[in-house]
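Visitor: Have a look at this prediction, sequence included:
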Amino acid sequence: MLYPIGIQNFEKLREGGYVYIDKTAKVHKLVSAGGYYFLSRPRRFGKSLLVSTIEAYMSGKKDLFGGLALEKLETDWAAYPVLHLDLSGKAYNTEEALLNVLNYHLEQWEKAYSAECIDNNPETRFKRIIDAAYAVTGYQVVILIDEYDKPIIDNLDNPALQDYYRSLLQGFYGVMKAKDGSIRLGFLTGVTKIGKLSVFSGLNNLNDISMDPEYSDICGISGSDLHKYFSESVNELAERNSMTENECYSKLKEMYDGYHFSEDSEGMYNPFSLLNTLQKKRFNEYWFETGTPSFLVKILKQTGYDITRLSEDDVEIDSDMLSGVYDYINNPIPLLYQSGYLTIREFDRMFGIYKLGFPNMEVKKGFTKMLLTAYAPVPEKEGNVLTAKLYRAATSGKPEEMMRILEGLFARANYQIQGDAERDFQYAMYLIFELLGEYVRTEYQTSNGRIDILLQTEGYIYIIEIKTDGSADEALTQIEEKGYAKAFAADSRKVFKIGVNFDKSSRRIEDWKVL
């Protein structure tokens, strides 16, 4: 079987004999109605292939759809003029970068439709190209814009360049409203809905299908798709990893499934990670390896968001904020959802509130590792080694060994804490324990107060109290005086009480004690 990993061109995929999960019935329904559509999906989720599929369809390339649903659904197969603007795959770090991409596409379209270039203004040229394409072919124009927001997303931490790009794209995308009568279909994809772009404020009839149940599976791979198209591949994966078929399906679901794009939708698998796993016959965090969203960590820290809520599936957000146009700087959660790091868990219809959480273990582990490098002195490639050492100590009931590992970790000279030192140190400790895959909670509420960190393994319970510029004895005294251990009096597991003192000036664990 040929897996279409990284293949974003529908024609290449079909002519090359790669496996294709038939989405063409949904494409036909979308195209038949005409108008303007917007689809938000995480990176590497199949948006570009979808755009290419629409391009092949609207270009009248019937031969590419043999054996697919669209072959029987479509009878016309007219060849519309298609203007496909692809903003993916480029680095947008200078003012010229975006202009160069726009100019390249504009030049190609001007040649294709004999459009006269009077000046270098992108808006003016775009308008003339639409007019020329309509006049030359006699058909209304199809406009496809892939990753419309990438120049903006690439510069979330560069406000000046972001504002420049926003201004440029606002005028360029606004052309679609001015030329509405000449446009048959407009389809835009991206990761998120950025405020202050006229594509949303100007196109009043823009149909956002990102959270429409009808199109929730237009990208990605469903569980039924996995069984229909890849059953043989799953059997091979199971055999290679000494698993039963059912164990393999369960592992795939745990690792890569769980994306929900509406409240009642079927869970979707991350296609990039799933296809890589089936091809290489090895489970890994493939999606995370392709890029780490460091800007998201910056936003989380800037907004002071309680990161422990992410792992505890305790993120609630109003439906209007999740699906509407917004500015990320005041609330990072919509961006985390639309980027694929959170997904819908529950929906309260009475109040219109979504509960969000990590979609699967790949995302949870990958995001936790990334956060850890921001809050603790753990090099990106050493997270697994640290986790293994701590896991062995924690599950063996060796709190002294566990604390010696942590003491050595925070003794590294490159550890810097900014802002609330006690909070950031607590976050670092929480993230480290979270990677163990055991039950861990911060600020765990008991009848007498809150435990800073509670770690529970199969055989042991660890109550950890943290002091900043105090002493380990003070921390232990608080555990005793508050009676934190009483909450686990009926538990047969052994309880360890650990007092930790973090020195703010040296940025180290100054002392610790275990009872």
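Guide: Everything's here; your move. Residues are numbered from 1 along each chain as shown.
Visitor: mean confidence for stretch 72-92?
Guide: Averaged across stretch 72-92, pLDDT comes to 95.
Visitor: Quick check: end-to-end length of that stretch?
Guide: Stretch 72-92 has its terminal residues 42 Å apart, counting by CA to CA, to the nearest Å.
Visitor: Which positions within that stretch qualify as buried?
Guide: Within stretch 72-92, the residues that count as buried by 16 or more other CB atoms under 10 Å are 74, 80-87, 90, 92. Heads up, the C-betas are built off the backbone N, CA and C, glycines and all.
Visitor: What about these, which are in strands?
Guide: Cross-referencing the buried residues of stretch 72-92 against strands under DSSP state E gives 82-86.
Visitor: The closest residue to Asn207 other than its chain neighbours bridge partners, please.
Guide: Distance criterion CB to CB, 6 or more residues apart in numbering; nearest residue to Asn207, sequence neighbours excluded, is Tyr37 at 5.0 Å. Beta-bridge pairing of Tyr37 under DSSP bridges involves Phe187, Asn207.
Visitor: and Tyr37, what pLDDT?
Guide: For Tyr37, the pLDDT comes out at 96.
Visitor: For it, give its distance to Leu206.
Guide: Distance from Tyr37 to Leu206, counting by CB to CB, to the nearest Å: 7 Å.
Visitor: joint contacts of the two?
Guide: The contact sets of Tyr37 and Leu206 overlap at Gly186 (CB atoms under 8 Å, 6 or more residues apart in numbering).
Visitor: Walk me through the domains of this protein.
Guide: Annotated domains of the chain cover 23-215, 221-289, 294-361, 376-514 [automatic domain parsing].
Visitor: Please enumerate the strands of the stretch 301-450 of the chain.
Guide: Along the stretch 301-450 of the chain, counting by DSSP state E, counting those that start in this stretch, strands occupy 315-318, 343-348, 353-357, 439-446, 449-456.
Visitor: what about those strands, which gets the closest to Met403?
Guide: The minimum distance between Met403 and the strands of the stretch 301-450 of the chain falls on strand 449-456, with 11.9 Å, by CB to CB.
Visitor: Pull out the buried residues from that closest one.
Guide: Neighbour counts over strand 449-456 (16+ other CB under 10 Å) mark 451-456 as buried.
Visitor: Tyr37 and Leu206 - which one has more neighbours?
Guide: Tyr37 (21 against 17; other CB atoms under 10 Å).
Visitor: pretty sure that one is touching Asp212, no?
Guide: No - counting by CB atoms under 8 Å, Tyr37 does not reach Asp212; the two are 9.7 Å apart.
Visitor: Which residues are in contact with the most centrally placed residue in the chain?
Guide: Centroid-nearest residue in the chain, with CA atoms, centre = their mean: Gly340, separated by 2.2 Å. For Gly340, the contact set (CB under 8 Å, 6+ apart) comprises 41-43, 45, 259, 270, 287, 359, 363.
Visitor: ok, the closest residue to Asp212 other than its chain neighbours - how many residues close by?
Guide: Distances taken as CB to CB, 6+ apart place Ser262 nearest to Asp212, at 6.7 Å, with adjacent residues excluded. Under the neighbour criterion other CB under 10 Å, Ser262 is assigned a count of 17.
Visitor: Surely Ser262 is in a strand?
Guide: No - under DSSP: H, G, I helix; E, B strand; the rest coil, Ser262 falls outside any strand and is assigned coil.
Visitor: Among the contacts of Gly340, which one has the most neighbours?
Guide: When the contacts of Gly340 are compared by neighbour count (other CB under 10 Å), Asn270 ends up highest, at 27 neighbours.
Visitor: Tell me if I'm right that that one and Tyr259 touch.
Guide: Yes - applying CB under 8 Å, one finds Asn270 in contact with Tyr259, separated by 6.8 Å.
Visitor: what touches both of those two?
Guide: Residues touching both Asn270 and Tyr259 by CB under 8 Å, 6+ apart: 42, 220, 340, 359-360.
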